[in-house]
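>>> Kindly generate the corresponding structure for this input.
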Amino acid sequence: MRSWTKLNSPYQAIGRPGRQNTHKLPCANIRWITTTEREYPMGLSTHVLDTMHGSPAAGMQVALWATGATDGAATLLKTLVLNADGRNPDGLLFDKQSLQVGTYRLVFNVAAYFRARGVELPEPPFLNLVSLDFGVADLRQHYHVPLLVSPWSYSTYRGS
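This next block holds a predicted model:
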């Protein structure tokens, strides 16, 4: 559940939008932020959920590429294996200081993951590598790229 923080200053006033604030603090400028915005650093992250088994995709291999070069080439930036929560074991893929405006590609090794889980897949599998190309335009925002996946389908969205 998302909670909200009412910022009268960087250090005070917790409440929820649309409800009367119990804090009697004078303030001319009020801005609402989500707990995610307050507690988590900005940057780039991913999370994979295995919809076939109803669990995080622990052990899935993922590669992050930078794309957008004029010749169409992609540059491998990092590879990782997802932890028990289906996330990068090192935290963010990029923190706010390292992330740059541009286009990126996340490649998820879906077939190898499901085979390792004992799922019998045809040869060739319906989904082998799932590639998600996305752009980063505003470095003041967090970019979360989740993947919900089974051996036969996948879905993604711009998370928070």
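>>> Let me see the domain layout of the protein.
4-37, 41-156 (automatic domain parsing).
>>> now the strands for this protein?
Secondary structure of the chain (DSSP state E): strands located at 4-9, 12-14, 31-34, 43-50, 55-56, 61-67, 75-81, 94-95, 102-109, 129-136, 143-149, 154-156.
>>> among the domains of the chain, which is the most enclosed?
Burial of the domains of the chain is given as mean neighbour count (mean count of other C-beta atoms under 10 Å); domain 41-156 ranks first at a mean of 15. C-beta coordinates here come from the backbone N, C-alpha and C atoms, glycine included.
>>> roughly how far is that one from the heart of the chain?
Taking C-alpha atoms, centre = their mean, to the nearest Å, the mean C-alpha location of domain 41-156 is offset from the chain mean by 8 Å.
>>> What average pLDDT does the longest helix anywhere in the chain get?
The longest helix of the chain (DSSP state H) is helix 110-116. Throughout helix 110-116, pLDDT has a mean value of 98.
>>> residues in contact with it?
For helix 110-116, contacts defined as C-beta atoms under 8 Å, 6 or more residues apart in numbering pick out 50, 52, 57, 59-61, 121, 125, 127-130, 149, 151, 154.
>>> Least reliable of the domains of the chain by average pLDDT, please.
domain 4-37 (a mean of 45).
>>> beta partners for the closest residue in space to Val130 that isn't next to it in sequence?
Distance criterion C-beta to C-beta, 6 or more residues apart in numbering; nearest residue to Val130, sequence neighbours excluded, is Phe108 at 4.5 Å. Applying DSSP bridges to Phe108 gives these bridge partners: Val62, Val130.
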